[in-house]
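In: only geometry, no sequence info:
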Ligand code: PLP
């Protein structure tokens, strides 16, 4: 049976990491995959996470199955972060959440929900967007179309073009927005622009889907939910795929959430029962550990304060690297203006490096960047900055 199969192409981002791991050159730098690194170049376990794990380990009494959607405490924790702890959406019972395996798992559950149960199978994603969006949505049978987002010349968002292309969205189509820290451009709508988009969405009958993978990496945990909360004011129905991979550093525990907001509690229950059938047929029910960590931290005031501080440290370090990168390139005599990197936020930016330059950086300097020129700023440190910027100056 298998001799007729040829190899699938390597994933553009994870394939790069595999090549990076095999590279034996010293001083190699990986700016490909979106994983936070500290000043020492390692991906640390947050101290609030370690403490929560100690509590969990000493208190757990069973390894029995969770329910299909995970624990209610986890679901409530997810909703409080999304909508604010005193949100009417929560008190009215309009939201239902499931613990999904990572943001990717949440997106896949969401995609199947749309494909199986909603009248329109079309989903709009920004051009550009996270490379895996297309894979996940197409695998579930959705038609993926793009709306304009980025002006490559100006290295900025093109809001007029965005609105213009979104005019073609038909009522019932799903439109995906990045909650904050747009991946790959690092550029988000302003509060006024979110407001305008939310009104357009309500008037046009779009179904908004928020992919919220970087809460806390932009301006702050609460601040980063502004766009979603503005949308929730104007749109009675919403879908959200959120992730704790980055803001809790729980990459390998696979902790995400799929949340559905409906007009009222009955509609939420009905719709969510379909979501549960989808989960049952996929992975049956989620693993406990990562969700247990998150719930423990969110429900303990001192651990929560520690988490906020640790998220702020990650956010500030990345912003510091953005500024240092721009300054160091200038010092190295690079005349091209890179100041836009300082104005963007989150892990990623489009560097503007072209595929030839990206290839030379890999071949000649062991610096790994995705072919599109997207850089993960979180991979920069004070130690590797000089070598990185010298290499960029040379190419
Ligand atoms: N959405 C976006 C925009 C992402 O960048 C990522 C991860 O890189 C995800 C979703 C998925 O995150 P997870 O690792 O939790 O599956």
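Out: That came through fine. Since the model is a prediction, treat every value here as computed from it, not as a measurement.
In: the one helix or strand in the chain whose mean pLDDT sits lowest and the ligand in contact?
Out: One helix or strand of the chain scores below all others by mean pLDDT, DSSP states H and E: helix 14-22, with a mean of 88. No: judged by CB under 6 Å from any ligand atom, helix 14-22 stays clear of the ligand, getting no closer than 10.2 Å. Where you see a C-beta, it was placed from the backbone N, CA and C, and this is true even at glycine.
In: only the buried residues of that helix, if you could.
Out: Neighbour counts over helix 14-22 (16 or more other CB atoms under 10 Å) mark 16, 17, 20 as buried.
In: show me what it is packed against.
Out: strand 29-30, strand 367-368 (3 or more CB pairs under 8 Å, 6 or more residues apart in numbering; DSSP states H and E).
In: hmm, 10 Å instead?
Out: Helices and strands touching helix 14-22, by 3 or more CB pairs under 10 Å, 6 or more residues apart in numbering; DSSP states H and E, are strand 29-30, helix 355-365, strand 367-368.
In: closest to residue 233 out of those?
Out: Nearest to residue 233, of all the helices and strands packed on helix 14-22, is strand 29-30, at 40.4 Å by CB to CB.
In: partner strands of that closest one, with direction?
Out: Each strand paired with strand 29-30, and its direction, by DSSP bridges: strand 367-368 (parallel).
In: mean confidence score for whichever helix in the chain runs longest?
Out: Looking across the chain with DSSP state H, the single longest helix is helix 301-331. Averaged across helix 301-331, pLDDT comes to 97.
In: quick check: next helix or strand after that helix?
Out: The helix or strand immediately downstream of helix 301-331 is helix 340-343, counting by DSSP states H and E.
In: who are the packing partners of the following helix or strand past that following helix?
Out: Next in sequence after helix 340-343, counting helices and strands by DSSP H and E, comes strand 348-350. Here strand 348-350 touches helix 301-331, helix 340-343, strand 374-376, going by 3+ CB pairs under 10 Å, 6+ apart.
In: redo that, cut-off 6 Å
Out: In terms of contacts (3 or more CB pairs under 6 Å, 6 or more residues apart in numbering; DSSP states H and E), strand 348-350 is packed against strand 374-376.
In: got the buried residues for the strand it packs on?
Out: 374, 375, 376.
In: okay, and the beta partners of the second one?
Out: Residue 375 has the following beta-bridge partners by DSSP bridges: residue 349.
In: for the residue nearest to residue 18 when sequence neighbours are not counted, helix, strand, or coil?
Out: Distance criterion CB to CB, 6 or more residues apart in numbering; nearest residue to residue 18, sequence neighbours excluded, is residue 10 at 7.0 Å. Secondary structure state of residue 10, per DSSP: H, G, I helix; E, B strand; the rest coil, is coil.
In: could you check how far residue 10 is from residue 131?
Out: Residue 10 sits 12 Å away from residue 131, going by CB to CB, to the nearest Å.
In: show me which of the two is the more surrounded one.
Out: Shown here are residue 10 and residue 131; by other CB atoms under 10 Å, residue 131 has more neighbours (16 against 12).
In: residue contacts, the more buried one?
Out: Listed by CB atoms under 6 Å, 6 or more residues apart in numbering, the contact set of residue 131 reads residue 12.
In: ok, now how distant is it from residue 124?
Out: 17 Å.
In: what of residue 183?
Out: Residue 183 is 16 Å from residue 124, by CB to CB.
In: next: residue 133.
Out: Residue 133 is 11 Å from residue 124, by CB to CB.
In: next: residue 333.
Out: For residue 333 relative to residue 124 (CB to CB), the value is 42 Å.
In: kindly report the same for residue 15.
Out: With CB to CB as the criterion, residue 15 and residue 124 are 27 Å apart.
In: repeat that for residue 16.
Out: In terms of CB to CB, residue 16 sits 27 Å off from residue 124.
In: how far out from the middle of the chain is stretch 315-332?
Out: Centroid separation between stretch 315-332 and its chain, computed with CA atoms, centre = their mean, to the nearest Å, is 22 Å.
In: any buried residues in it, and which?
Out: Of the residues in stretch 315-332, 315, 317, 318, 319, 321, 322, 324, 325, 326, 328, 329 count as buried by neighbour count, 16+ other CB under 10 Å.
In: wait, isn't the fifth one in contact with residue 375?
Out: No: under the criterion of CB atoms under 6 Å, residue 321 is not in contact with residue 375, lying 10.3 Å apart.
In: flag every residue of the stretch 151-300 of the chain that's near the ligand.
Out: Residues of the stretch 151-300 of the chain lying close to the ligand (CB under 6 Å from any ligand atom) are 178, 183, 211, 213, 243, 245, 256.
In: swap the cut-off to 5 Å and go again
Out: 183, 211, 213, 243, 245, 256 (CB under 5 Å from any ligand atom).
In: could you check how many residues crowd around the fifth one?
Out: So the one you mean is residue 245. Residue 245 - counted by other CB under 10 Å - has 23 other residues nearby.
In: state the helix or strand in which it lies.
Out: Here residue 245 is assigned to no helix or strand, by DSSP H and E.
In: which residue comes closest to it once chain neighbours are left out?
Out: Here the residue nearest residue 245, using CB to CB, 6+ apart, is residue 251, at 4.8 Å.
In: and residue 383, what's its pLDDT?
Out: pLDDT at residue 383 comes out at 94.
In: now do the buried residues in stretch 287-306.
Out: Buried residues in stretch 287-306, counting neighbours by 16+ other CB under 10 Å, are found at 288-298, 300, 303, 306.
In: nothing else from me, thank you.
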